[in-house]
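>>> need coordinates for the following:
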Amino acid sequence: MKDFFKYVLATFTALFLFSVIGFFISVLVIGGIAAMGEKEVQVKPNSVLNLKVQGQIVERKADNPLEDLLFSNQDEIRMMGLNEIRSSIYKAKFDPNIKGIYLNPGLFSCGISTVEEIKDYIEDFKTTGKFVIAYSGNYSQLGYYLAASADKVYMNPQGMLEIRGLSANYTFFKKAMDKLGIEANIFKVGKYKSAIEPFINDQMSQYSKEQSEVLINSLWGTYKDRLAKDRNITDKVLEDFAQQGLMLSNQEVAVTAGLIDDLKYADQILAELNDSCDRKESAEPNFISLQKYTKANVKTDRKYSRNKIAFIYASGGIDDGSNDGIKSGELAASIRDARTDTTVKAIVLRVNSPGGSAYGSEQIWRELELAKEGKPLIVSMGDVAASGGYYISCNAHTIMARPSTITGSIGIFGMIPNFKGLTDKIGVTFDGVKTNEYADLMSVVRPMTQSEKNMLQAWVERGYNTFLTRCADGRNKTPEEINEIGQGRVWSGEDAKKIDLIDKFGGIDDAIALAAEMAGLKEYRLMELPEQKDFFQQLIDDLSAEVKTSMLEMRMGENYEIYKKLIHYKGLSGLQARMPYELNIQ
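Presented below is the predicted three-dimensional model:
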């Protein structure tokens, strides 16, 4: 029987390895075919750019030669890159074959600031006189925010306009940890630094609730102001619509309020698009998807230049272990490449990060400090540039953000768990020897001594003082002045400008234009860094991560969702300059 199971296990192992090897061979073959067959897309006359916005919108999307094979249906959810949206709308502005944009917001996820970037690209497109028509069966709050940039906003007669206000919700683990016998040893500076609250409280603290209310009210105000401008209405119309729960009413109310231009069915929209393109009503519009249009070669007003502006992406958590986050060593190397390249005349750092490792943030800060000595350095903040995200932004010559950007959170924390209560419950004990008093410092299977706690708190406070100094030097203030607006407090871009944490409002194009102006450049080209991985190397990395995830899900079952929340804090063995909470605004 023992040999039987041994042979069965060996057989399953062989089959698994054969499947993996077969998968890679298939990918290589398909990839080769896709690469050979990939051609430049030809745009037909009187075409309409079909901007179907759905899925997760990231700062930069890697080129995927298999995308058309993996996503054959336009309605399938895929990842979208802000970079491809930006470049495609810009190309369409100059393309004589593109008559307009059909804006079709679906279910997508990103921050308000990212939507504002896309809105600005659409506003620029409209300066050509070309049309933009928006249509959806149902509009989410973000979807409507985007659609309002169009010349006309239509909705299905049986649809829903989901304007209901903003909320922010948090998950707390304290009671679960108590049941399991897990203690969280917390070390922090800043009364608003509430990232550790889920592990020591079962509800929001006074300071956490205070800053959260101020933040979402500021974001809601920005949301209403921009929509009121887009639709030529007052913000009271939007406030009343949300406050009275009119999203569940007959949608004629939305038309009467001026939020929607008309209620139409899809066939009526197609007919209007045909009319706008001077085509016969019976013909289908010449739609071209965003994914295909990225491959079109369109002549724009940009000319080749030897002079470059380095556009450097700093997106995701700093050294948090994820494939999509910021790896401080790689980012520092990219900044070093830009500052030592004589053809690079200015640097724009695009920051969209909630922070992470304080050590990693310091390494990035150092390279930026060296870079700004010889070249203009502009920071462009995205949805969030908080804690470590602000750490790496603070020493720029100019910081630009959106009113809806989430920033600040100048604070430090660390957490060391104690699992002794859990191990006692399951009957596991530990024993050992050591040469020195603190040889087993940070052990997670025994309570910490007061001496150890004092040492670690002092370590955190030194980290915070360094953070204050970096911000004070970068913003030409004293550490005391930064401490007044620090303490881990999060600010909206609107409020951050009032307290001089940022310099100007603006998006990516504004930051690039300012960098060119400061460098005295009339002609330039962008050099995007860090360099993206080869597609197949990225595929191998993703597959490896997917296998690990699948194994964990199988082992943990329904507990995997809780694990995902906890693993967000797995890097807490070092000091963390991280957002005080994972903000989930709905």
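
>>> my guess is residue 171 contacts residue 199, does it?
No: in this structure, residue 171 is not within contact of residue 199 by Cβ atoms under 8 Å, at 10.8 Å. Quick note: C-beta positions are derived from backbone N, CA and C, even for glycine.

>>> which one of those two is surrounded by more residues?
Neighbour count, other Cβ atoms under 10 Å: between residue 171 and residue 199, residue 199 has more, with 21 against 11.

>>> roughly how far apart are the spatially closest residue to the more buried one that is not a sequence neighbour and residue 321?
Nearest in space to residue 199, with sequence neighbours left out and distances taken as Cβ to Cβ, 6 or more residues apart in numbering, is residue 184 at 4.0 Å. Residue 184 sits 20 Å away from residue 321, going by Cβ to Cβ, to the nearest Å.

>>> between these two, which is the more surrounded one?
Between residue 184 and residue 321, residue 184 has the larger neighbour count (other Cβ under 10 Å), namely 17 against 12.

>>> if that one is in a bridge, with which residues?
residue 417 (DSSP bridges).

>>> which ones are touching it?
With contacts defined as Cβ atoms under 8 Å, 6 or more residues apart in numbering, residue 184 is in contact with 177, 196, 199-200, 415-418.

>>> same thing but at 7 Å, please
Shown in contact with residue 184 (Cβ atoms under 7 Å, 6 or more residues apart in numbering): 177, 196, 199-200, 415, 417.

>>> helix or strand for residue 48, which one?
Here residue 48, judged by DSSP states H and E, is contained in strand 47-58.

>>> partners of that strand, with directions?
Partners of strand 47-58 in its sheet, by DSSP bridges: strand 80-81 (parallel), strand 98-109 (parallel), strand 286-289 (parallel).

>>> tell me which residues of the longest one are tucked away?
By neighbour count with 16 or more other Cβ atoms under 10 Å, strand 98-109 contains the buried residues 98-106, 108.

>>> thought residue 182 was touching residue 419?
Yes: at 5.7 Å, residue 182 counts as touching residue 419 under the criterion of Cβ atoms under 7 Å.

>>> and the nearest residue to residue 44 once chain neighbours are set aside, how many neighbours?
Ranked by Cβ to Cβ, 6+ apart and with sequence neighbours excluded, the top spatial neighbour of residue 44 is residue 286, at 4.8 Å. Counted with other Cβ under 10 Å, the neighbours of residue 286 add up to 19.

>>> from residue 272, how far off is residue 286?
Relative to residue 272, residue 286 is positioned 15 Å away (Cβ to Cβ).

>>> ok, back up a step: quick check: the residue nearest to residue 44 touching residue 42?
No: contact criterion Cβ under 7 Å: residue 286 and residue 42 do not qualify, at 11.4 Å.

>>> so the closest residue in space to residue 367 that isn't next to it in sequence is in which element?
Take residue 367 and drop its neighbours on the chain: the residue closest to it by Cβ to Cβ, 6+ apart is residue 335, 4.0 Å away. Using DSSP H and E, residue 335 falls within helix 328-340.

>>> contacts for that helix?
Helix 328-340 has contacts (Cβ under 7 Å, 6+ apart) with 310, 312, 314, 318-319, 344, 347, 357, 360, 363-364, 367-368, 370-371, 374-375, 529-530.

>>> who does the helix or strand that that helix is followed by pair up with?
Moving toward the C-terminus from helix 328-340, the next helix or strand (DSSP H and E) is strand 344-353. Applying DSSP bridges, strand 344-353 is found paired with strand 308-315 (parallel), strand 377-386 (parallel).

>>> how many residues are close by residue 334?
By other Cβ under 10 Å, the residues close to residue 334 number 22.

>>> start the count at 718, not 1, going forward
Sure thing, new numbering starts at 718, so read that last one as residue 1051.

>>> the contacts of helix 1045-1057, buried ones only, as a ChimeraX selection?
To isolate the buried members of these in ChimeraX, using 16+ other Cβ under 10 Å:
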select :1027,1029,1031,1035,1036,1061,1064,1074,1077,1080,1081,1084,1085,1088,1092,1246,1247
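
>>> any stretches of the stretch 918-1067 of the chain with poor pLDDT?
Low-confidence segments of the stretch 918-1067 of the chain (pLDDT under 70): 998-999.

>>> and the helices in it, which stretches?
923-948, 952-960, 969-973, 983-993, 1007-1010, 1045-1057 (DSSP state H, counting those that start in this stretch).

>>> need the residues that contact the third one.
With Cβ under 7 Å, 6+ apart as the test, helix 969-973 has contacts from 878, 963, 977, 979-980.
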